[in-house]
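[1] my questions are about this predicted structure, shown below with the sequence.
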Amino acid sequence: MRKYSVTHKFLFFINSVFATVLLLSYALPYISPKTIPFLSVFSLSVPLLVVTNICFFIYWLIKIHKNALLSLLVLIIGWFVSTPLIKFTNKEVILNNDLKIMSYNVRLFNHYKHEDDTTTEQKIYKLINNENPDVIAIQEFYNSKLLGIKLPYKYIKTKTKTNKFGLAIYSKHPIINSGSLNFKSSANNTIFADILVEKDTIRVYNVHLESLKLNPKKENFGEKSSERLFKRLENGFVKQVDQVDLITQHEATWKGKKIICGDFNNTAYSWAYKQLATDKKDAFIEAGMGIGKSFRYIYPMRIDFILVDKNTTINHFKTYSDIELSDHYPVMTRLHW
């Protein structure tokens, strides 16, 4: 009978813990953060759990050991019951009458000098103008004097009349109606614009859910203790519940075509995402490739989304992962009806 070393057994124990936690995490989208706030925090760690289990699978596979089956089984289950972390194929169909939708958290156009490059603001404008979207939803918008987005129609909503921070939707096509959901007790918000494209009206929601203020460059992610960090995250997730409820109630009243995009401050493994993505297509899943990382973080985290109605054809999706002008990467999709 083959004997295993203590190290071998310990590694398999650690593997079992990570596999079990990943398996349990598949239930997180079905549990409201208001029910068990502590559990909701783990939705942020699902991408890390997936990567860890892939590493364990590869390790045991190299060893030609049956232990590889544990992580493999959990990963296969996740592929069918959860949102995939990795897309191995993409779709790229270019039609002249596609509607190009971009979403970008611009971090106030570097107003607070997070980036050392003093030309960051101008580079963001240049990127947007060069990519030439039909519609762009901008989160963490700053109404700068240098503002240079060359799209003729816009709806800008700042948090108050006196400050310059908020959300914006710019469009090539006329905006015939617009409004704000006005989140309570939050610096974030959601706005919408009804855009007339030829003879059709398409509603675009620009979503910015409650920020979690994660900063991997700071010790304990900006808190003095892990306990305070978890409490802050719990509070953020609970706030997101009310914000998501407000969005879903509002969008249910619109019977036409709609697009929901923006910075959800949460992953595709969360309750918030599942609520907003119900009966919709995720543009990355339909036409993207790779891991879709949209947030510059210590592990792959996709928190910027473009969701559309089921009857929409998604011809292409791109994450601009080589553009480091903000702490988010811009995302863009091509849509057709």
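    In hand now; what should we look at?
[2] residue ranges in the stretch 51-200 of the chain under the pLDDT threshold?
    For the stretch 51-200 of the chain, no stretch is flagged by pLDDT under 70.
[3] what about the helices in the stretch 201-337 of the chain?
    226-251, 271-277, 283-287 (DSSP state H, counting those that start in this stretch).
[4] most tightly packed of the ones you listed?
    helix 283-287 (a mean of 23; mean count of other Cβ atoms under 10 Å). For every residue, glycine as well, the C-beta is placed using N, CA and C.
[5] contacts for that helix next, please.
    83-84, 87, 90-92, 292, 302, 305-308, 314-317, 319, 331, 333, 335 (Cβ atoms under 8 Å, 6 or more residues apart in numbering).
[6] quick revisit: worst mean pLDDT among the helices of the stretch 201-337 of the chain?
    Sorting the helices of the stretch 201-337 of the chain by mean pLDDT places helix 226-251 lowest, at a mean of 92.
[7] can you report how many residues lie near Thr7?
    By the measure other Cβ atoms under 10 Å, the count of residues near Thr7 is 8.
[8] next one: Arg296
    13.
[9] how much space between Thr119 and Tyr170?
    Counting by Cβ to Cβ, to the nearest Å, the gap from Thr119 to Tyr170 is 21 Å.
[10] ok, these two, which is more surrounded?
    Comparing Thr119 with Tyr170 by other Cβ under 10 Å, the one with more neighbours is Tyr170, at 23 against 11.
[11] name the residues linked to the more buried one by a beta bridge.
    Under DSSP bridges, the beta-bridge partners of Tyr170 are Ile136, Lys154.
[12] which SSE is the closest residue to Tyr155 other than its chain neighbours in?
    Setting aside the residues directly before and after it, Tyr155 is nearest to Ser178 in space (Cβ to Cβ, 6 or more residues apart in numbering), at 4.0 Å. Counting by DSSP states H and E, the element that carries Ser178 is strand 175-180.
[13] and that strand, which residues are buried?
    For strand 175-180, the neighbour count (16 or more other Cβ atoms under 10 Å) marks Ile175, Ser178, Ser180 as buried.
[14] ok so, going back, closest to Pro133 out of the helices of the stretch 201-337 of the chain?
    Judged by Cβ to Cβ, the one of the helices of the stretch 201-337 of the chain that comes nearest to Pro133 is helix 283-287, at 13.1 Å.
[15] how far does that closest one sit from its chain's centre?
    13 Å (Cα atoms, centre = their mean, to the nearest Å).
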